[in-house]
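Chemist: Here is a sequence with its predicted model. Questions after.
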Amino acid sequence: MKLKELLHAIPVKQLEGPLEVTVESICFDSRIVASNSLFVAVRGVHTDGHLYIEKAIGLGATVLVVEELPEQLNEAVTYALVDDSSYVLGLLATNFYGDPSKELKLVGVTGTNGKTTVATLLFNLFDNLGYQVGLISTVENKIGDRIIPATHTTPDPIALNKLLREMVEEGCDYCFMEVSSHAVVQQRIAGLRFAGGIFTNITHDHLDFHGTFDNYIKAKKKFFDDLDRYAFALTNADDRNGNVMLQNTFAHKKTYGLKTMADFKAKVVESHFDGMLLHIDGHEVWVKLVGGFNAYNLLAVYGAAILLEQETVKVLTAMSEIAGAEGRFETVRSQSGIVGIVDYAHTPDAVENVLETIRDLRSAGQQIITVLGCGGDRDKTKRPEMAAVAVKLSDKVIITSDNPRTEDPLAIIKDMEAGVDSRDRKNVFTIAERKEAIRAACHLAQPGDIVLVAGKGHEKYQEIQGVRHHFDDREILEETFNEQ
Ligand SMILES: CC(=O)N[C@H]1[C@@H](OP(=O)(O)OP(=O)(O)OC[C@H]2O[C@@H](n3ccc(=O)[nH]c3=O)[C@H](O)[C@@H]2O)O[C@H](CO)[C@@H](O)[C@@H]1O[C@H](C)C(=O)N[C@@H](C)C(=O)N[C@H](CCC(=O)O)C(=O)O
Ligand SMILES: Nc1ncnc2c1ncn2[C@@H]1O[C@H](COP(=O)(O)OP(=O)(O)OP(=O)(O)O)[C@@H](O)[C@H]1O
Ligand SMILES: N[C@H](CCC[C@H](N)C(=O)O)C(=O)O
Ligand SMILES: [Mg+2]
């Protein structure tokens with residue numbers, strides 16, 4: 001692509017060097033620069049892309065996008081000076097891939113919990129309605145039936161626009177994607193055109209990255225601030241910050257809720273371990289998901305489908321047939337009648353919701369044994385809160401390891417234990433090896449009891465010191481149940 005074309009509508013403050021250049025690829029990591037590429041120097045959390053400019057030139061970069069010009073300019077290359085290289089990277093990625101988000105209907109989902117569930121349900125719903133659909137999520141990316149492994153909840157702008165271009169080429173009418181707060185702050189979605197945005201909820205998470213809860217709210221809100229007036233913005237009216245999210249959006253504002261006045265209303269009529277009966281906008285529908293939180297997720301899905309001009313009855317019929325995402329409230333039963341549940345709850349609010357749901361569904365005498373750990377290199381302040389809520393709502397808790405990443409698993413466990421009241425200690429055990437913790441929970445359980453294994457959901461690995469070892473909560477539950 002000609003550099004002139006690639007720079008279309010890019011806010012460049014100063015251009016040094018030749019403009020008649022052909023760019024064959026764009027890149028923001030010097031380690032994978034190819035010849036005749038454009039390298040964008042981005043300032044990150046750990047290092048600064050500007051330190052790798054020479055390396056990028058050495059590997060064949062002919063255009064450099066920078067926030068600061070080097071003292072010595074190389075005459076053979078072109079430098080584009082910009083204010084915000086992360087933002088410009090987003091715009092360049094959309095230009096390079098021919099602005100794919102404008103050729104399909106892209107709907108983004110943001111919020112602390114429920115993004116994967118809502119995006120996956122929308123994917124499954126529109127697939128069921130007969131459309132060719134794309135999905136970008138924590139669990140996996142999909143183009144129709146084709147699965148493309150996911151690396152992030154929201155990919156970097158180059159991977160994202162490349163995926164969207166493939167979706168367009170493969171005839172996708174819609175794409176449903178998760179928009180993480182990291183992605184908003186790091187401008188991974190800059191330049192995309194959204195047909196709609198959905199807000200699920202905001203509670204404690206990622207304060208390591210955002211610093212304060214207020215900054216975390218601002219990050220999510222920016223997604224709605226940047227929507228245009230042709231888009232819809234659908235918010236959770238029951239969430240304390242649901243209205244704040246839409247305060248400054250140009251988009252068409254709509255609300256959903258179970259408790260307060262809203263454009264889309266629902267009520268949970270019946271709840272069972274294998275589904276719920278919902279009353280939605282005057283209709284009754286059986287769904288395969290359980291838990292009040294999933295009633296919110298399903299209502300958001302319903303609202304979005306209506307705003308995307310689908311017919312009510314067709315939508316409700318399809319909603320009764322679709323399943324949610326892998327590793328979210330997945331049940332495994334033992335021969336002796338122990339119920340194992342694998343769930344991706346990794347925030348205090350999610351742990352609370354999933355346990356409240358189990359408490360509502362259990363019969364008298366059924367004990368709840370929870371196995372829980374917290375991830376390393378992530379918000380430390382959520383650790384005691386997650387442990388406290390698990391202890392409050394379970395009969396027994398086994399504190400264990402999640403993905404310690406570069407941290408010491410025992411230090412993470414100690415942070416969690418700080419949230420346990422001394423009066424509750426007798427019901428709390430610590431087993432650092434996650435596999436042993438799950439096995440112990442299964443052995444402690446009596447027929448009829450419920451073993452909740454929280455935090456890792458669909459994940460098929462445990463990350464320890466940069467190495468991902470195979471690990472699957474569900475597999476361990478099944479193995480242990482088979483031995484019993
Ligand atoms: C904290 C965070 O979001 N980090 C992301 C960020 O990395 P970073 O800021 O650490 O980058 P850095 O290492 O400082 O490097 C700065 C720049 O120098 C470049 N560089 C670096 C080294 C080198 O030799 N050459 C070079 O050019 C890098 O490519 C980068 O452009 O930019 C990288 C490139 O896009 C991401 O891969 C990386 O995600 C890391 C792996 C990560 O774990 N992110 C998580 C926290 C995340 O993003 N999570 C959210 C979901 C959260 C949720 O849903 O709950 C997500 O959307 O997945
Ligand atoms: N609407 C909701 N409100 C509160 N908790 C929820 C909601 N939906 C799901 N959960 C809980 O949060 C967990 C994660 O759900 P999901 O994967 O859909 O969230 P997410 O926002 O995609 O998370 P991530 O930030 O990791 O991408 C679920 O396993 C469940 O315990
Ligand atoms: N998207 C979330 C996933 C957390 C999952 C949990 N298993 C952990 O490792 O903390 C994050 O990156 O914070
Ligand atoms: Mg997700």
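Modeler: Structure's in. What do you need? Ligands and ions are numbered 1, 2, ... in the order given.

Chemist: which ones are touching the residue in the chain that ligand 3 sits nearest to?
Modeler: Here the residue of the chain nearest ligand 3 is G375; by C-beta to the nearest ligand atom that distance is 1.9 Å. Glycine gets a C-beta too; all of them are placed from N, C-alpha and C. G375 makes contacts with H346, D402, N403, P404, R405, I412, G455, as judged by C-beta atoms under 8 Å, 6 or more residues apart in numbering.

Chemist: I'd say the fourth one and L410 touch.
Modeler: No - look at P404 against L410 with C-beta atoms under 8 Å: they stay out of range, at 9.1 Å.

Chemist: between these two, who's got more neighbours?
Modeler: Comparing P404 with L410 by other C-beta atoms under 10 Å, the one with more neighbours is P404, at 23 against 11.

Chemist: Please state the backbone phi and psi of that one?
Modeler: P404 adopts backbone torsions of phi -70, psi -20, taken as degrees, to the nearest 10.

Chemist: longest strand of the protein?
Modeler: strand 264-272 (DSSP state E).

Chemist: How far off centre is that one?
Modeler: Here the centre of strand 264-272 is set off from its chain's centre by 25 Å, with C-alpha atoms, centre = their mean, to the nearest Å.

Chemist: May I see the buried residues of whichever helix or strand comes after it?
Modeler: Heading C-terminal from strand 264-272, the first helix or strand you meet, by DSSP states H and E, is strand 275-280. Within strand 275-280, the residues that count as buried by 16 or more other C-beta atoms under 10 Å are M276, L278, I280.

Chemist: cool, stretch 123-140 as well?
Modeler: So for stretch 123-140, counting by 16+ other C-beta under 10 Å, buried means 123-129, 131, 133-140.

Chemist: Stretch 308-325 too?
Modeler: Of all the residues in stretch 308-325, those buried under the rule 16+ other C-beta under 10 Å are L308, Q310, V315, L316, A318, M319, I322, G324, A325.

Chemist: The biggest helix by length in the chain and ligand 2, are they touching?
Modeler: In the chain, taking DSSP state H as the definition, the longest helix is helix 292-307. Yes - contact of helix 292-307 with ligand 2 (C-beta under 6 Å from any ligand atom) involves F293, Y296, N297.

Chemist: Count the neighbours of the last one for me.
Modeler: Using other C-beta under 10 Å, N297 has 31 neighbouring residues.

Chemist: Next, the contact list for it, please.
Modeler: G114, T117, V118, L121, T200, L289, G324.

Chemist: now swap in K314 and tell me
Modeler: Counted by C-beta under 8 Å, 6+ apart, K314 has contacts L129.

Chemist: so how far is G455 from it?
Modeler: Counting by C-beta to C-beta, to the nearest Å, the gap from K314 to G455 is 37 Å.

Chemist: With L299 instead?
Modeler: L299 is 26 Å from G455, by C-beta to C-beta.

Chemist: Over to H8?
Modeler: Using C-beta to C-beta, H8 is found at 45 Å from G455.
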